[in-house]
Structures are given as C-alpha cells and as structure tokens.
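A.B. asks: sequence? don't have it. structure:
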Ligand code: ZN
C-alpha cells in the first residue's frame, strides 16, 4: 500500500483529470540572464545580492510554462540550484560544495572522473532551501507541486569522503535520515510529491540490493506526501548521449524495479525515450504510479503528441491510465527553453489523446 495519506484524489485535486496525467521529472532550462544555457552546474550570471529575486522570477516563468503547456503536476524547474545533488548538500554542515575534487563516479560509465563535493566533517542537517522555494511555488498555482531531492546512493556517489570515516553504505543511511527529515518538512509545507533522484540504481545493481533499497525505505518513511523515485540513464549531455548510442545492455530495470516494487514508494519514474528499454519492465510495478519517460531530454527535436500517445498506449498494457503519467526521461535543464516547452506540450497533448480514446 502507498505510504502516504495523499491518495490519487488528493494528487489530482485542481486538475480535474482522472485518466493519464502529464508531468516532468524536475528541472527546466534556466533563462540565459540567470545562468549560461546548455551546461550543467552553470555559474550564476546574477550578483549574489540579487540572486534570490532572480531565481524567484525564473521560477515564475517555469511554473507559467508548465501551466500553459497543460501539465497536471508542476515543479520549481530547479531554478535555485546549480546541481541536483549539491543543492541539497549546500544545506548540510560538514560538506564543502565549493572546493571540489575529482572522483570516479557513476561507475565510470560516462567518463573516468567527475568533480565531487567533499565531506570534511561529520555531516549534519542545517537548512532546507527547498521548503522556502516550495512555499513560493504554491503562491503561483493550485496545481499539485512536486519537489525533487537527490537519492542517498546518488549523494554518496557524488561525494568524496575526506574523513575516511564512513563506508558508502553507512553514509547512505546517514543521508537517508537527513533526506527523510527534509521530505517530512516538504510534505508539511504542502508538497504533493517528494521525489528522490537515484540514477545510481541503474548503475550499481548489487549495491542497490545490498543497501540502496534500505536507504530508500528510510528516506520515504512516514512522509505525508506521495513519494517518488526517479531512475534514469543520465542527463541529456553529450557524454551520456554517446554512451547511450553504443550501449547494448538495457536490462538494469529488470534487476532494480522488482526491488523498488517491494518498497512503499508510491511513484516510479523511468526512462524509455532515449534508451531501448522494453515496456515489459513495467510488469512488476503493478500497484505503483508510473512516470513514463516519453520525451528525450538529450536532443532538441520535439516529439509529436501522437508519439507520446503511442507510448502511453503500450504502457497501458501494464499500468492503468489513472496510475500513468506522460513524463520526460530526465531533467530538461540542458535543452533550449523553446524545445523544453514544446516537449512539455507534447506530453500534455499526448495524454489528452489517450484520455479522449478511453473516455
Ligand atoms: Zn534522471
């Protein structure tokens, strides 16, 4: 049974929709006046003293675009954070997100080493920038709002332990407890959905089984909102795209999703548009809501509504319409604003086509 008190009726409040709904994984491109477009971790282009106001203005644009595109659940577009992991870590004492070190991450799937934040002391929860942003988004719309957080395993993979005090498993459970506190605060502040981004569940399969699932369970325990896990094959950057081009093994969900299915997480977000994942992976997710990735976040081509509808029809062999969301594969941060808007429109229009068919 779902862990939350907010049932499907609460989530669809304000949307008037009972069939397939449309949403995004989380991020949207930042306006060029806020940060350099097309790159991850782009530095801010606004002076520190004006940054908060500029981020709020960018969030206004993101929410307006999602409403105009016809999405049923909206996000803040992740306009206040430079990086999806380090945004959360910036509120954790003992973590240095400014002076980075190079570390092999993501199983070296995409490159040998990536910049990692440094753990320099015992980590301790201090602050929640996400809750303040959520409160602002809720002044802009009555639609359900989703907030995204990094998952415990992905945090550990993105962090270099300079104290050499912790195993990865121990550290993941410590962060899971802090994420749980944040998720409870976000639920209390009115989040309809709290999502944990765990791309590492598609990389470290044994670690997922051995302690990743336990960390997820601790992160979602007692959260009074719907909980979601997002598991993808990476952002839409060139290195990720190159890997997808040559990768032949798309079996990871067959290993991970049965484990996820045994948890109380309410929603599972997976990628299918830019990968060659077979829809039969959905078979084990009966009873869960599925956020089905039907637009590729790695290129500028705007999918047609009919393409989205075709994917939804295939998924409905496994997932009832009322539990299905047309969604992006991953965050849209690297796309142009025009492409991101077009892709969101395609998701909503594709859902509308299917909903008309099923009456
Ligand atoms: Zn992703």
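C.D. replies: Received it, and whenever you're ready, just let me know what you need. Everything quoted here is computed from the prediction, not taken from an experiment. Numbers count the residues shown, from 1 in each chain.
A.B. asks: what sits up against stretch 93-112?
C.D. replies: 83, 86, 89-90, 113-126, 157-160, 162, 199-200, 203-204, 234, 239-240, 243 (Cβ atoms under 8 Å, 6 or more residues apart in numbering). For glycine as for every other residue, the C-beta is placed from the backbone atoms N, C-alpha and C.
A.B. asks: Just the ones in strands from those, please.
C.D. replies: Within those, membership in strands is found for 114-125, 159-160, as judged by DSSP state E.
A.B. asks: wait, residue 166 sits on residue 175?
C.D. replies: No. With contact taken as Cβ atoms under 8 Å, residue 166 and residue 175 are classed as non-touching, separated by 10.1 Å.
A.B. asks: Neighbour count: the two, which is higher?
C.D. replies: residue 175 (28 against 17; other Cβ atoms under 10 Å).
A.B. asks: Residue 72 touches residue 22, doesn't it?
C.D. replies: Yes. Under the criterion of Cβ under 8 Å, residue 72 lies in contact with residue 22, with a separation of 5.6 Å.
A.B. asks: Need the residues touching each of the two.
C.D. replies: Between them, residue 72 and residue 22 share these contacting residues under Cβ under 8 Å, 6+ apart: 325, 348.
A.B. asks: quick one, which of these two is more surrounded?
C.D. replies: Neighbour count, other Cβ under 10 Å: between residue 72 and residue 22, residue 22 has more, with 30 against 22.
A.B. asks: hey, what's that one bridged with?
C.D. replies: Using DSSP bridges, the bridge partners assigned to residue 22 are residue 326.
A.B. asks: Buried residues in stretch 134-146, which are they?
C.D. replies: Along stretch 134-146, these residues count as buried under the neighbour rule (16 or more other Cβ atoms under 10 Å): 134, 136-138, 140, 143-146.
A.B. asks: which of these sit farthest apart?
C.D. replies: Spatially, the most separated pair among these is 136 and 144, at 15.6 Å (Cβ to Cβ).
A.B. asks: what's around the closest residue to the ion within the stretch 151-300 of the chain, how many residues?
C.D. replies: In the stretch 151-300 of the chain, no residue comes nearer to the ion than residue 232, which is 3.2 Å away by Cβ to the ion. The burial count assigned to residue 232 is 25, neighbours taken as other Cβ under 10 Å.
A.B. asks: Need the pLDDT of residue 15.
C.D. replies: We have a pLDDT of 45 for residue 15.
A.B. asks: would you list every one of the strands in the stretch 1-150 of the chain?
C.D. replies: Ranges of strands within the stretch 1-150 of the chain are 21-22, 92-103, 114-125, 146-150, based on DSSP state E, counting those that start in this stretch.
A.B. asks: Can you tell me which helices and strands the last one packs against?
C.D. replies: Packing partners of strand 146-150 (3 or more Cβ pairs under 8 Å, 6 or more residues apart in numbering; DSSP states H and E): helix 86-89, helix 129-138, helix 168-188, strand 193-197.
A.B. asks: Say whether the ion is contacted by that strand.
C.D. replies: No. Strand 146-150 lies out of reach of the ion by Cβ under 5 Å from the ion, never closer than 9.6 Å.
A.B. asks: can you list the residues that contact that strand?
C.D. replies: Under the criterion Cβ under 8 Å, 6+ apart, residues 23, 25-27, 73-76, 78, 84-85, 88-89, 130, 133-134, 158, 179, 182-183, 186, 191-197, 228, 230 lie in contact with strand 146-150.
A.B. asks: Now find how far off-centre that strand is within its chain.
C.D. replies: On the basis of Cα atoms, centre = their mean, to the nearest Å, the separation between the geometric centre of strand 146-150 and that of its chain is 6 Å.
A.B. asks: Neighbouring strands - and their directions - for it?
C.D. replies: Listed by DSSP bridges, the sheet partners of strand 146-150 and their directions read strand 193-197 (parallel).
A.B. asks: Would you mind identifying the next helix or strand past the partner strand?
C.D. replies: Counting by DSSP states H and E, the element after strand 193-197 in chain order, helix or strand, is helix 205-207.
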